[in-house]
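Participant: Sequence plus predicted model, see below.
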Amino acid sequence: MSTATKKDKQTKAEARKRSEELMHAAILFAGDSGDGMQLAGTQFTNASAVFGNDVSTFPDYPAEIRAPAGTLGGVSGFQIHFAHQKIHTPGDRLDALVAMNPAALKVNLKNLKEGGVLIVNSDEFTKANLARAKFDANPLESGELQPYRLYKVPITTHTLEAVKETGLPPKQASRCKNFYALGLVFWLYDRPLENTLRWIDTKFAKVPAVATANALALKAGYNFGDTAEIFDLRYKVLPAKLEPGIYRNMTGNQATALGLITAARLAGKPLFYGSYPITPASDVLHELSARKEFDVRVFQAEDEIAAMCSIIGAAYAGNVAATGTSGPGVALKQEAIGLAVITEVPCVVVNVQRGGPSTGLPTKTEQADLFQAIIGRNGECPLPVLAARSPADCFDAAIEAVRIAVKYMTPVMLLTDGYIGNGSEPWRVPDVGSLQPIKITHATDPETFQPYLRDEHGARPWAIPGTPGLQHRIGGLEKEHITGNVCYDPENHQKMTELRARKIENVVHDIPDQDVYGQSEGDLLLISWGGTFGAVRTATEDLVHDGRKVGHMHMRWLNPMPANVADILKRFKHLLVCELNMGQLQFVLQARYRVETLGLHKVQGKPFMVHEIAEKAEEILGGN
Amino acid sequence: MSTATKKDKQTKAEARKRSEELMHAAILFAGDSGDGMQLAGTQFTNASAVFGNDVSTFPDYPAEIRAPAGTLGGVSGFQIHFAHQKIHTPGDRLDALVAMNPAALKVNLKNLKEGGVLIVNSDEFTKANLARAKFDANPLESGELQPYRLYKVPITTHTLEAVKETGLPPKQASRCKNFYALGLVFWLYDRPLENTLRWIDTKFAKVPAVATANALALKAGYNFGDTAEIFDLRYKVLPAKLEPGIYRNMTGNQATALGLITAARLAGKPLFYGSYPITPASDVLHELSARKEFDVRVFQAEDEIAAMCSIIGAAYAGNVAATGTSGPGVALKQEAIGLAVITEVPCVVVNVQRGGPSTGLPTKTEQADLFQAIIGRNGECPLPVLAARSPADCFDAAIEAVRIAVKYMTPVMLLTDGYIGNGSEPWRVPDVGSLQPIKITHATDPETFQPYLRDEHGARPWAIPGTPGLQHRIGGLEKEHITGNVCYDPENHQKMTELRARKIENVVHDIPDQDVYGQSEGDLLLISWGGTFGAVRTATEDLVHDGRKVGHMHMRWLNPMPANVADILKRFKHLLVCELNMGQLQFVLQARYRVETLGLHKVQGKPFMVHEIAEKAEEILGGN
Amino acid sequence: MSATATKPNPKQYKSSQEVRWCPGCGDYSILTQLLKTFADLGVKKENTVIVSGIGCSSRFPYYVDCYGFHSIHGRAPAVATGVKVANPDLDVWVITGDGDGLSIGGNHLIHTIRRNVGLKIILFNNKIYGLTKGQYSPTSEFGKKTKSSPFGAIDHPIHPISIAIGAEVTFVARCVDVDGKLMQQVFRRAAEHKGTAFIEVYQDCNVYNHGSFAYASDRKVRDDHLVYLEHGKPMIFGKEKNKGIRLNGTEPEIVELGKGITPDDLLIHDERAPSPTHAYLLSRMHYPEMPEPVGIFRDIELPTYEQLLHSQIHDVIEQRGKGELEKLFTSGDTWKVD
Amino acid sequence: MSATATKPNPKQYKSSQEVRWCPGCGDYSILTQLLKTFADLGVKKENTVIVSGIGCSSRFPYYVDCYGFHSIHGRAPAVATGVKVANPDLDVWVITGDGDGLSIGGNHLIHTIRRNVGLKIILFNNKIYGLTKGQYSPTSEFGKKTKSSPFGAIDHPIHPISIAIGAEVTFVARCVDVDGKLMQQVFRRAAEHKGTAFIEVYQDCNVYNHGSFAYASDRKVRDDHLVYLEHGKPMIFGKEKNKGIRLNGTEPEIVELGKGITPDDLLIHDERAPSPTHAYLLSRMHYPEMPEPVGIFRDIELPTYEQLLHSQIHDVIEQRGKGELEKLFTSGDTWKVD
Ligand SMILES: Cc1ncc(C[n+]2csc(CCOP(=O)(O)OP(=O)(O)O)c2C)c(N)n1
Ligand SMILES: Cc1ncc(C[n+]2csc(CCOP(=O)(O)OP(=O)(O)O)c2C)c(N)n1
Ligand code: SF4
Ligand code: SF4
Ligand SMILES: [Mg+2]
Ligand SMILES: [Mg+2]
């Protein structure tokens, strides 16, 4: 029985009716890879989002499809932060943890707040499972869980009972236990069930027994919360005051896909997406594969090189073209990206970064591909690079990438990462009419056409096959200024190298000035890029709130950088670059602006915690 | 007739006997791709080297095997600088130019000194050829060659006559004209013929008629110089005072191959070389393929990726393993190089850099792959990088690369370039006994063996398959410190990332302190790396000679950098980084040392001229 | 592709760029024949795209006045796939070499073939790396001495047509560079074929591998070393047309006609055999043991990749209606904040 | 490889690492059979190397107590080639998947095969990308619905054995994951084969493609859908052993035994056919039209790459003497400076 049982029953019964209001809460569903935790987490997220909270999520799963049951390596988790206010991260520490087995408990307990809610599936705390999780003693009995509000629920047993009437065999029946757990947490945080019930109906329409079983389990969990007497408190997180509009919850990978579709529409073009599956980028491919009604041409290539080459071909022939991959895939594409740079063909390369080097930590997040994005190719081979800062922001970033690509006739690299790619947050549905069209002009006039004659932005014309009289030839060899003919002339090579570089620098005219949040000058400037936005912004909010002279410069554009960056850097005493790598942006900033910077580096396959940033900042600020 | 003929015959006859002594001379054989200029140049080089001059050469040829005859694009040239003193470059401006056709004249005339010797094959100055070379008027008649000592020689006609007795058909007979031209230049610079005659005999042993014809042509050219009355002066360049020893002439690619063979021998190991042909690196492959008596295992792979992977396999199995390629090939190898970094398998990747981006200028030189060498991979993926500075230096650099690779259990990137790869200079044959052995210890003890237990340098043990009891598994996933088991633990990833980085930083203990030539502090530090050494050093010599407070820091090690670099940078008022790229070392230095640097950048597919460096330096020094 | 009243002159399809192959290179003839084929078919220049990789052969696009893309080593089929999918109305030709197409680019070739992307792929097989100055290639003979195999190549060569058939190609043919007539016939048929057409051309590299195909190009001997494939016809060959190919189990054998053996005993060539085994068998006939087949080995119909892709899009649009952003944005659970 | 007096227990070849495949995955059985084969052959652990790419299947090396290299996606054959050339005494096995070996790694596979490098390659064909959670692979059926082909795959699938034969493989076989006995036989023969041995194993991906090979693994029906290849024997199959394969021209056809048809009329399996056409023909037999052959399609002898490489080195040393650095350094023109 749980620690709670020590209290007087009377009190608990009352407590059950009591409900504490919270500004925000972070909870984690954790269990074995096969326990359906990703599903439970997603459902909880959607319910909370629809309920009106701001939400931020962090799914975390092992590299194996299904690691050996019960082992530490096999733990899969889904963290949700939901709030009555605007939030930017999935939360540092947990208010509640659902641990479906000892391994899940072992791996995640350290993140649970003291006094936090801990729900465990007591059925799974068998000797064998404890051993698999490397517990010497049963923690449910050892007293080591004393600091938490522990609820021992025989989830498996309850689930089996609840779904008995469906006649499902035990193995299948017990698979519903994630819904039971979900129901319990729904009760705990006072969420409505409708949304999930509807989802179950649609999802399992073809297997009614499974649909019924899941629904029964969900309700049983909820009802257990409601009727059992073990819970002494219930929580409420009221809706957040978000900007008015229609919202939906969206992961970064979904948002990237939607952004690409939208960009193609705004350009009045079909979208060609050539890709080779790789974690954590595959969901972009999946999402786009399912959107054929938008004339999305998805080409699942034989490898990343073919994927990249195919988009060069498709862009050359006039489609809006993009590819998506992760770190090792980008490495493979680099030679072909160079071809896109020298042929000046517009396309977008999305890198959903993951832990490296090599195969590294394929399902974990990291930001260690900035170097390869900006300067990781053979020869002088510059291209624009931008990074999305949150799941929903991937939508805007993808559109921006396409816009720049077609305007400047260049490949553009869009960096996201596993954390924001898989993580989710509410996305305010834009008004389609308000989206700015993407203007594309194709060359058509044989009289004036020259393949490498540049416009005022430095871009060459986009002349697509099928256009009469514009036949011309391009390729990877250096080409003559204006005519585009193969040319080995020394001065021409210098000139073309400079023209290509200048063109990319010109992108600065299309990107907004760098903004700084918080103080615009002072003691410390926190600098971040990409998916670390949320943690750094939250830390800055707290620091500024505490009266610290701190600013936050979050860089969306990594190449080129906005013109005013140099100026901003001068206005702070200390510069702290926070990145999930060993200091790549730091290196680039130092090279470009010759400033002294400090670095906060983390390569643990995990996003920053807000407190890590705050502590480092305090350390630098000292008594300031 | 030549301008010389205007002079009095009497005077000329005397002059012919006169011989001017020169400290050094730079000459260029230029003609059509099919004219055998590379051969003539090589022969002249060898003869000069054997004669005792210091030499430095620069072969330059088009990307096509044989571009259309007579066109500007089809010109092939071989420049030789030979001297009575130590020299570092193939020479800025030419003392003599042999132009076998109008195109060769057109392309190269601008490099000929005023008053320089200009020998043209007058037979080729036909209307058609002039048109192909885009001459409006025949320069032999227009007077535009007035500033030079022009000698119009009907080389084709003379050659055909000279070889008539062999009965070769005219097409084949006329192919001997390069030897005729060579003979003429041999006479002009007073070189002995023996060496080349011997070479002809060996080379054409199987086709005696061709051997005879070439010999006849060579002698005819020489005799024409001796007996014809058109030359008013003859030159002599006496032997240089080189360090005592046995010398041979060597190209950088040969030297790299020899260095790899030597390193393997010094390590007591077979050499495995996996490669895919690519200009300008293929000669390393050719050289090694011909050296099977050294137990060189050459694997011509299906592509660069396979080449890289094969050397990982071979190194894993205990061979000294290397691959060679050029820019685009390195791009393709990067993913696999990451595998070598994380598995910590020792091997060497040679990049004979060429003009980029993409296919770029494949036969031309450039230094634009520094970024991709140091930081162009996915994830945090550091490895040691060094660059050879001259053709002969490739030998030492290759040995050094192997030494570091096996000591630190890491892939090492060796950068050379087309200029030093194809260029040549005298190489002092080392005393084999004096070469320091390369110590390799393989793990053998099953009791103490741990795949990722590190030694005092941070290296893990090299345990090769076939060793009883040491069975273990490695791969591209992050691995646990010490055990090497797959490990997704966050702290372990951080630790391993740091250990890998630290290991590469440790290489600093094995590399010499950075030296500075010339002044050790002062107004201007010229900074260079790789094949630009010669031009920058020569410029520095001149500047120092002129009393300028100038130093030259030539960086052999690009990653890590010697510990004293920071200190050196502080001792000069201005820092000028000279590179054949748009400022890559400059970027790295600024990032690392946060110093303000100036850059001299050239991307023209050509090496620096000494005067370009000197002029830039003077511009910076101003009135100093 | 549409025939015009007066056929255009092949010269009209030449670009202004100077051709930069070595004198005597077999590439010239292939260029000539393709230009003639274009003229003959009256193809529209603006609807024609030639994509190549890297190699001597891959310089080809520069010399034709249509859209051209000289890509990177080995990747032409992938670039061309992008072009064809983006705009299936274009006629897309791929030019590749034995190194480009079979060494570094082997995988793209196979996958393009198995997907049946509507590309016409011409592989210039000169059994050598020309552009990089003479290393052995995947088709070089075993034991061949080259710059990178001074003691003889130890790689067993690959046979392009066998590989293509292994990947289930829908159109495959072979020509010899000197035989312009056959080349034109084959190019024309390839142009008419809807899926991937793969053509191996024996091409003489005059500089680094001269004479490698002398047995197949020398007028004096070639008729004894080649068998011209004709659909539905018995396989007869030889200068005197007195020899034939007969099936022995699953193996072809040479027989002399006459002495009781008539054309009826011979293997009948069937381009349209539903199974690729017949074509595979032909691909195994190698000089000197057997005459080598030239002409069209196989030509069958199968939906092309681009057709299938576009018709799938078409079907989804039929079902779901043309995609609307509003609907897309609000698909899934949404909620409203006021 | 040497047999020992008392055969070791297969368990001795297990590493200490926990096996991390999904419950019910076909990979388990393949692991078991290879361990049994190792025990049976008494192979020396220290002389055995297993190299893999990336995929569920490619986790294999972690589970065997020999040398293991879990390399990168598609490149295992290239890594393994380096290992084998560096030390031909090692027994080198390659584990790959249908995505790893045929999609990204197709080219290395082909070139390894044509060079006849002495590697034993086991391709786990589950017709799906398992590790990346269920996209279609090059062997997935046309029309297959997966995460990346929600409306059905439009790629025509590749047939691993046809491709291998296109590349002129010297040993090629097929097994089904549930048939341990056959797997052991085949693994054993592969181990004994000197050149490249390529084995396709039909493997059930319990999670993303369960039942794809039910026709070949379900005891109730499999005997009607498979034909067990036996060298020198007529090709008979069916639960009742009452059906056979007969040659019709170059095509196999199913016949019922009895009613005038005897085993003598059937196609006789010949592993050692010098030409690969016979094996190719077998590789074209696909369910449901035909029974699918399992067992060894082809096993011929051809010098291996590593043998040729080392014997070339040996010959050069014989001719020139073992290389001496002094001589190397001073080869070519030298001169002396005092
Ligand atoms: C990535 C890359 N690797 C290598 C090369 C060098 N390279 C250029 S062409 C070529 C081979 C050419 O052979 P083939 O395809 O047979 O064409 P050919 O010149 O014989 O027509 C090679 C290896 C390159 N350009 N790019
Ligand atoms: C360069 C690269 N691209 C993509 C991936 C992602 N990836 C890992 S395994 C895999 C396919 C696995 O399929 P298969 O080889 O059939 O193995 P299975 O998991 O089915 O056993 C892919 C695409 C990767 N790891 N590396
Ligand atoms: S090298 Fe050979 S293939 Fe290349 S252009 Fe010359 S003759 Fe033709
Ligand atoms: S996903 Fe499929 S192939 Fe991978 S381990 Fe699970 S069942 Fe096996
Ligand atoms: Mg070739
Ligand atoms: Mg698979």
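Facilitator: That came in fine, so what should we check first? Ligands and ions are numbered 1, 2, ... in the order given.

Participant: Contact partners for residue 135?
Facilitator: By default, I'm working from chain A. A:102, A:106 (CB atoms under 8 Å, 6 or more residues apart in numbering or on different chains). Placement of C-beta: from N, CA and C, glycine included.

Participant: that's the wrong chain, I wanted chain C
Facilitator: B:277, B:282, B:285-286, B:300, C:128-129, C:146-149.

Participant: Mind checking which of the residues you listed are buried?
Facilitator: For the contacts of residue C:135, a burial check counting by 16 or more other CB atoms under 10 Å in any protein chain shown picks out B:277, B:282, B:285-286, B:300, C:128-129, C:146-149.

Participant: Closest one of the residues you listed to ligand 3?
Facilitator: The shortest approach to ligand 3 among the buried ones among the contacts of residue C:135 belongs to residue C:128, at 7.1 Å (CB to the nearest ligand atom).

Participant: Now the residue nearest the centre of chain C: which helix or strand?
Facilitator: Centroid-nearest residue in chain C: residue C:199, 2.1 Å away (criterion: CA atoms, centre = their mean). Taking DSSP states H and E as the definition, residue C:199 sits inside strand C:197-202.

Participant: Quick one: list the elements packing against the helix or strand following that strand.
Facilitator: Later in the chain than strand C:197-202, the nearest helix or strand by DSSP H and E is helix C:214-217. Where contact means 3 or more CB pairs under 8 Å, 6 or more residues apart in numbering or on different chains; DSSP states H and E, helix C:214-217 is packed against helix C:222-225.

Participant: try 10 Å this time
Facilitator: The contact analysis (3 or more CB pairs under 10 Å, 6 or more residues apart in numbering or on different chains; DSSP states H and E) places helix C:214-217 against strand C:171-176, strand C:197-202, helix C:222-225, strand C:226-228, strand C:292-299.

Participant: Now render the ones you listed as CSV, adding mean pLDDT and distance to ligand 4.
Facilitator: Output for those, formatted as CSV (pLDDT from 0 to 100; distance: least, CB to the nearest ligand atom, whole Å):
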stretch, mean pLDDT, distance to ligand 4
strand C:171-176, 98, 35
strand C:197-202, 98, 33
helix C:222-225, 96, 50
strand C:226-228, 98, 47
strand C:292-299, 98, 35
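
Participant: I'd like those as CSV, with distance to ligand 3 appended.
Facilitator: Written out in CSV, the entries for the helices and strands packed on helix C:214-217 read as follows (distance: least, CB to the nearest ligand atom, whole Å):
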stretch, distance to ligand 3
strand C:171-176, 15
strand C:197-202, 12
helix C:222-225, 20
strand C:226-228, 22
strand C:292-299, 20
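
Participant: pLDDT score for residue 275?
Facilitator: Reading this off chain A. pLDDT for residue A:275: 98.

Participant: please go with chain C instead
Facilitator: pLDDT, residue C:275: 93.

Participant: List the contacts of it.
Facilitator: By CB atoms under 10 Å, 6 or more residues apart in numbering or on different chains, the residues touching residue C:275 are C:298, C:300, D:249-252, D:280-281, D:284-285.

Participant: Distance check, it against ligand 1.
Facilitator: Distance, residue C:275 to ligand 1, by CB to the nearest ligand atom, to the nearest Å: 31 Å.

Participant: In three-state terms, label that residue for me.
Facilitator: coil (DSSP: H, G, I helix; E, B strand; the rest coil).

Participant: Could you check how far it is from residue A:150?
Facilitator: Distance of residue C:275 to residue A:150, computed by CB to CB, to the nearest Å: 68 Å.

Participant: can you map out the strands along chain C?
Facilitator: Secondary structure of chain C, counting by DSSP state E: strands at C:48-52, C:67-70, C:91-97, C:119-125, C:171-176, C:197-202, C:226-228, C:236-237, C:243-248, C:251-256, C:292-299, C:334-337.
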